[in-house]
Structure formats: structure tokens, C-alpha cells
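Visitor: sharing a model prediction with you, sequence too.
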Amino acid sequence: MLYSLKNVSKIISTPQEEIRILNSVNFFIEKGEMLAVLGASGSGKSTFLNILAGLDSPSSGEVFFEDKNIHALQEKEKNFLRNKEMGFVFQFHHLLPEFTTAENVAMQAIISGMKKSEALQKAYELLEMVELSHRAKHLVTTLSGGEKQRAAIARAVLLSPKVLLADEPTGNLDFKTGEQIMQVLTNLNKEKRMTLVMVTHNREIANQMQRVVELKSGAFHEQKMY
Ligand SMILES: Nc1ncnc2c1ncn2[C@@H]1O[C@H](COP(=O)(O)OP(=O)(O)OP(=O)(O)O)[C@@H](O)[C@H]1O
């Protein structure tokens, strides 16, 4: 098991109301799974993803990543988990404009202590996988939206994380480009056995994943099981 959520609740208090995003949820994600989390705007998808990333804490209950109780870890251990075991892809990719595509992909690994030549070598391999090697030496600002998203995916997987957490990775892209991104994500899952957790409000995109759950009124409803 990669993730185990045990009796997890998440309540957000605002001056107007208490929003119950997760209501005593027991939920499991297997290693190698391709999971889509569907839900209406405001249902709590991003909050759920942030909890899986250790960036947000549940109000009660426990979230295990393998055998580690994420929210009981020291900040340093949590950072280690995030850097080494998890990869992130968001709708807005935060690439560094003054660097080339390959440098952007390699940067985090270099900061983590990998030799620059090795990190760049890996970056080139991954750019090939996402069909972007012809743009490796171009400034990242010259890439199209879909190309930037593929570069962001290559960056997220350079350190071979166990899981890729993706928040609306096709959100601001046209249909065809969105399909390309889904293909890249599917290949990563197949070829590297990388677990994939993607949140989206798009049912058509979600249905391309093996397992689909819908987050609604604080509970997960299984929509599709492989
Ligand atoms: N820090 C916060 N303070 C107050 N309210 C918050 C906070 N974070 C989230 N919320 C509220 O919690 C609810 C869930 O937010 P979340 O962003 O997780 O939903 P979502 O399903 O990802 O939505 P969308 O699809 O629109 O991105 C929303 O009503 C949001 O306004």
C-alpha cells in the first residue's frame, strides 16, 4: 500500500461556516495505481492532494505514506519525503524563466546534490520521453503551454519519485494537448510503475485513469475500479 488514510477528517473553519472536506474517511491507494479524483469546484480536491503531499494537515486521523505517518514527521523528514519520494505537477508550472528547458528539468536534482552533468543527462533522457528533446536548449519562456507542462512533468519525475501528485495537469490546455499530457502520464505509470494521483473536475480526462473516485460531501465515491 502506498497511501493509507485512517479515519481522516478535514474541516476548514471560515468566519461564515465550517467546511467539512473529509468526513472520517478511510481510503487506500495501492502502489502502481493510476487514480483520478473527480469533484466539483470547492469539493476539496486540492486540499486532499495537499494532505497527501504533507503540505496541509488533517483535522483528525492519520495519513500513512508506506509505513510513515506523514503528519507526525519532523519538518525535515517531511521535506525529505517530498523531495525524494513525491513529484508534483500543478496547473501552473512555475518554471524558471531565465533558464533553458533542460536546466529547469535538472535544477531540483542539482540543488539536492546530484552532479550537474548527471542531472542534465537525466534531463535530456526525460525530455526525450516527453518528446521535447528538440527544445532542451531553448529558454523555457519560448515553449508553448503544453510543452511547458511536459517540461514540468519531466522535472517532477527526475528523481524517480514513488508517486506523482498532479493537480489539474491538463486544466489550461486545449483538448489535443491535454490528450498528449495524459499519454505522458500513462507512459510513466506503465514504464516506471509510478503511482499517479490526479485531481480534476473533468470526467472525460478522469476516465482515462484505471480507478476513478469522486469526492463529494466529505466522502469518496468509487466510480470506476480496474
Ligand atoms: N485556507 C483556506 N481558508 C479558507 N477556506 C479554504 C482554505 N482552503 C480551502 N478553502 C475552501 O475549502 C473548499 C475546498 O477547496 P479546494 O481548493 O480544496 O477545492 P477544489 O475541489 O480543489 O476546488 P477547484 O476545483 O475549484 O480548484 C473551498 O470552499 C475553499 O474555498
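Guide: Ah, there it is.
Visitor: for H138, give its distance to the ligand.
Guide: With distances taken as CB to the nearest ligand atom, to the nearest Å, H138 is found 31 Å from the ligand. Bear in mind the C-beta positions are built from the backbone N, C-alpha and C, glycine included.
Visitor: so who does that residue touch?
Guide: H138 is in contact with 100-101, counting by CB atoms under 8 Å, 6 or more residues apart in numbering.
Visitor: i'd like the first residue to be 377 from this point on
Guide: Okay, residue one is now 377; in that scheme the one you just asked about reads as H514.
Visitor: and it, how far from P545?
Guide: 22 Å (CB to CB, to the nearest Å).
Visitor: same question for V560.
Guide: On the measure of CB to CB, V560 and P545 end up 9 Å apart.
Visitor: with S493 instead?
Guide: Taken as CB to CB, the span from S493 to P545 is 29 Å.
Visitor: tell me if Q484 really is in a helix.
Guide: Yes. According to DSSP: H, G, I helix; E, B strand; the rest coil, Q484 belongs to a helix.
Visitor: that one and L534 touch, don't they?
Guide: Yes. When contacts are counted by CB atoms under 8 Å, Q484 is listed as touching L534 (6.8 Å).
Visitor: neighbour count for these two, which is higher?
Guide: For Q484 versus L534, the count of surrounding residues by other CB atoms under 10 Å is larger for L534: 22 against 16.
Visitor: what's that one in contact with, if anything?
Guide: 481-482, 484-485, 495, 498-499, 502.
Visitor: repeat the analysis, applying 10 Å as the threshold.
Guide: 463, 481-486, 488, 490, 495, 498-499, 501-502 (CB atoms under 10 Å, 6 or more residues apart in numbering).
Visitor: just the pLDDT for it.
Guide: Per-residue confidence for L534 comes out at a pLDDT of 93.
Visitor: what does S593 give?
Guide: 94.
Visitor: now swap in G522 and tell me
Guide: pLDDT, G522: 89.
Visitor: can you tell me the closest non-neighbouring residue to it?
Guide: Spatial nearest neighbour of G522, excluding adjacent residues (CB to CB, 6 or more residues apart in numbering): T553 at 3.4 Å.
Visitor: re the thing from before, so which of V560 and P545 has more stuff around it?
Guide: The neighbour comparison of V560 against P545 (other CB under 10 Å) goes to P545, with 28 against 22.
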